[in-house]
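# Quick check, what structure comes out for this input:
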Amino acid sequence: MFKHLFKFSVLVAVISLLAACTITFMPPHPLNDLAANYLLAIAVDSQGTKHIVGEDPTTHQLVYLRTRLGIIEDKQPIRLITGWWPAAPEIGVLADGTVILAWYEKYDASSPKYRICIKIYPSSVDVVCTPDFSDNPPDSFSPIVKVITRGSTGYVIYSKQEGTQYTLRYEKVSSGSERGKVNSESSDPMVRTVEGVVDSAGYLHVIWYARGAPGTGRVLYASNRTTDGSGNMTQNRILLIADSDLLNPPAITTYSTAGSERVAFAYVKDNSGSDDEIYHQNIKVDNTDWSGEMKLTLSGGAYRLGDVHLVGVNNAYLIGFLRNNTISATSEVWLRDAAGMITQITNNTYSERELEMVPAGGGFVMAYKRQPQSSEPRQVFIYDPIKGERLIYSESCSSDNSGGEMAASGEVVAGVWAQCDRVWFSANAELVYLPLVRK
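Numbers count the residues shown, from 1 in each chain. Got it, this is the predicted structure:
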């Protein structure tokens, strides 16, 4: 489909200058061109430019924005066709600055129709969409769309219903015409959440949660390092046969070890009335040397687990997650570091939500919203292992918006988030070198 065409909260940055490491960030900047909702995504390119997609608050069409420090340098509305409503926008950027946008559109009717669409910048080609498809029974699912990029390689992953099967498909959109199924069984349960990563050789690795009847969910993994004659992924494994988290996707990352590259996975197992559990595994990118399933050992009473994130570093991977230690409205940010130590980052006086975690300068940055008590302001915090927790946004208002995303490229980190009926942007303060002038 796409063969003719080549990702929240907030931001902070780790800038290394000689032997010193200073973490700086900008005051939040409002993006009045976008609606304050969950239709937000951001990507950062190798030159530090930030690429953002969101919804126009007036026309409700998707809008692409380009900026470095919050001042809009380019704004491109994406065509809106009467009756078709865009949702779940995703964005990625390649090494040469090419931007990939993908989303799904829904046509509201007694029997709704869907289609997956893509737009490339810069390109003379307009929006390209799949043929329309429907679900049976109507409104039984929502399509999933993901844009996954690394270097000069970009993929789009999307789900659709084909007959009685819920198909998860992928297409390489940076070059060539590689495409096929991610899930390969004749009858798969509905895909609920999905994440992906590209390895150093340009192959796609996908982890997803598919759920049929209650108690029959599965967390699965597949890669296009091996495919059949139709491009369908044949390097695959079942990671978990049990209900997982319906709202938060399983996590995946790559990391380097001595002489090899590995893929790591983390996911939440929903134990209904009992304590939830986080499991993690890893394997070489060629599907050998499987670690087996490992469980995080968490003590301190009953809990529920939410967002889970992975960041790959040299020879290890880090796991960030939300943990509700009291089965109440209070949730905390926790970290499992490279040495396997599990640390509580925030206390349970307040409730954190919408956790994001990205690599930065050989380490990582977390961002999260804090649920205020009574008349306290809405707040967004960042956390890194050098400076700890810092407040970067605080505003008093009655509305509590959901939505946001963080992205990074090298040492440049940026984020967008919805709060107090506006969209906000923040990024690392940049070093500007003045030219030497000879007189």
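
# residues contacting Trp84?
Glu105, Lys106, Tyr107, Arg115 (Cβ atoms under 8 Å, 6 or more residues apart in numbering). Every residue, glycine included, has its C-beta placed from N, CA and C.

# again, 6 Å this time
Trp84 sits next to Glu105, Tyr107 when contact means Cβ atoms under 6 Å, 6 or more residues apart in numbering.

# Before we move on, what's the pLDDT of it?
Note for Trp84: predicted pLDDT of 96.

# Tell me what it is bridged to.
The partner list for Trp84 in beta bridges (DSSP bridges) reads Tyr107.

# and the gap between it and Ala427?
Computed as Cβ to Cβ, to the nearest Å, the Trp84 to Ala427 distance reads 33 Å.

# With Glu376 instead?
26 Å.

# Between the two, tell me which one has more neighbours.
Set Glu376 next to Ala427 and count neighbours by other Cβ atoms under 10 Å: Ala427 wins out with 28 against 12.

# Skipping its backbone neighbours, what lies nearest the more buried one in space?
Ranked by Cβ to Cβ, 6 or more residues apart in numbering and with sequence neighbours excluded, the top spatial neighbour of Ala427 is Ala414, at 4.0 Å.

# Which SSE is immediately downstream of the host helix or strand of that neighbour?
Taking DSSP states H and E as the criterion, Ala414 maps to strand 412-419. Remark: after strand 412-419, the chain's next helix or strand is strand 422-427, criterion DSSP H and E.

# That following strand vs strand 412-419, what angle?
Orientation check (axes from the mean of the first three to the mean of the last three Cα atoms, to 10 degrees): strand 422-427 against strand 412-419 gives 170 degrees.

# What strands line up against strand 422-427, and which way round?
Applying DSSP bridges, one finds strand 422-427 paired with strand 29-30 (antiparallel), strand 412-419 (antiparallel).

# Does Lys181 have any beta-bridge partners, and if so which?
Assigned bridge partners for Lys181, using DSSP bridges, are Arg169.

# isn't it right next to Asn232, touching?
Yes - using Cβ atoms under 6 Å, Lys181 is in contact with Asn232, at 4.3 Å.

# From the rest of the structure, what touches stretch 35-51?
Contacts of stretch 35-51 (Cβ under 6 Å, 6+ apart): 7, 52-55, 57, 66-68, 89-93, 95, 97, 99, 401-405, 407-409, 412, 414, 416, 418, 421-423.

# And stretch 350-363, by the same measure?
Applying Cβ under 6 Å, 6+ apart, the contact partners of stretch 350-363 are 8-9, 14, 16, 307, 309, 311, 320, 322, 329-331, 333, 346, 365-371, 385, 406, 408, 411, 413.

# buried sites along it?
350-361, 363 (16 or more other Cβ atoms under 10 Å).

# And the strands in the stretch 1-150 of the chain, which stretches?
Secondary structure of the stretch 1-150 of the chain (DSSP state E, counting those that start in this stretch): strands at 13-17, 20-24, 29-30, 41-44, 50-55, 62-67, 72-77, 84-93, 99-107, 113-121, 128-129, 133-134, 145-150.

# what residue ranges in the chain are flagged as low confidence?
Residue ranges of the chain with pLDDT under 70: 1-23, 138-139, 185-188, 212-215, 245-247, 272-273, 300-302, 325-329, 348, 429-439.

# that older thread, quick check: the farthest pair among the buried residues of stretch 350-363?
Across the buried residues of stretch 350-363, the longest distance by Cβ to Cβ is 29.4 Å; it joins Ser351 and Gly361.

# Who are the contact partners of the closest residue to Ala88 other than its chain neighbours?
Closest residue to Ala88 apart from its sequence neighbours, by Cβ to Cβ, 6+ apart: Val145 at 5.1 Å. Counting by Cβ under 6 Å, 6+ apart, Val145 makes contact with Ala88, Glu90, Ala102, Trp103, Tyr104, Tyr158.

# One more: Tyr121?
Val99.

# and it, what are its bridge partners?
Val99.

# how much space between it and Ala88?
Relative to Ala88, and taking Cβ to Cβ, Tyr121 is found at 19 Å.

# Just give the nearest non-adjacent residue to Pro28, would you?
Closest to Pro28 by Cβ to Cβ, 6+ apart is Trp424, at 4.3 Å.

# Next, count neighbours for Gln344.
13.

# Let the chain start at 44 from now.
OK, 44 is where the count begins now, so the last one is Gln387.

# name the helices or strands packed onto the helix or strand containing Leu365?
Using DSSP H and E, Leu365 sits in strand 359-367. Under the contact criterion of 3 or more Cβ pairs under 6 Å, 6 or more residues apart in numbering; DSSP states H and E, strand 359-367 touches strand 347-356, strand 375-379.

# could those strands go into TSV alongside mean neighbour count and distance to His72?
Output for the helices and strands packed on strand 359-367, formatted as TSV (neighbours: other Cβ atoms under 10 Å; distance: least, Cβ to Cβ, whole Å):
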stretch	mean neighbour count	distance to His72
strand 347-356	22	25
strand 375-379	23	25
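
# will you turn those into a markdown table that also has distance to Leu283?
Listed next are these as a markdown table, based on distance: least, Cβ to Cβ, whole Å:
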| stretch | distance to Leu283 |
| --- | --- |
| strand 347-356 | 13 |
| strand 375-379 | 18 |
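
# Please identify which of those is closest to Ile435.
strand 375-379 (14.9 Å).

# quick one: contacts for Val306?
His248, Thr297, Ile326, Val328.

# So what's the residue count around the third one?
Neighbourhood size, Ile326 [other Cβ under 10 Å]: 20.

# That one and Leu77: what is the separation?
Going from Ile326 to Leu77 by Cβ to Cβ gives 39 Å.

# Next, count neighbours for Thr192.
25.

# er, Pro73 I mean
So Pro73, with other Cβ under 10 Å, has 13 neighbours.

# What of Ser154?
Ser154: 11 neighbours (other Cβ under 10 Å).

# go on, Tyr264?
Tyr264: 22 neighbours (other Cβ under 10 Å).

# Helix, strand, or coil at it?
strand (DSSP: H, G, I helix; E, B strand; the rest coil).

# now do the same end-to-end measure for stretch 425-441.
Stretch 425-441 has an end-to-end distance of 23 Å (Cα to Cα, to the nearest Å).

# Can you give me the buried ones in that stretch?
Buried, per 16+ other Cβ under 10 Å, within stretch 425-441: Ile425, Tyr426, Asp427, Pro428, Lys430, Ile435, Tyr436.

# ok, which stretches of the stretch 194-343 of the chain are strands?
Remark: strands assigned in the stretch 194-343 of the chain by DSSP E, counting those that start in this stretch are 196-205, 208-215, 222-224, 233-241, 247-254, 261-270, 276-284, 294-300, 303-312, 320-327, 337-338.
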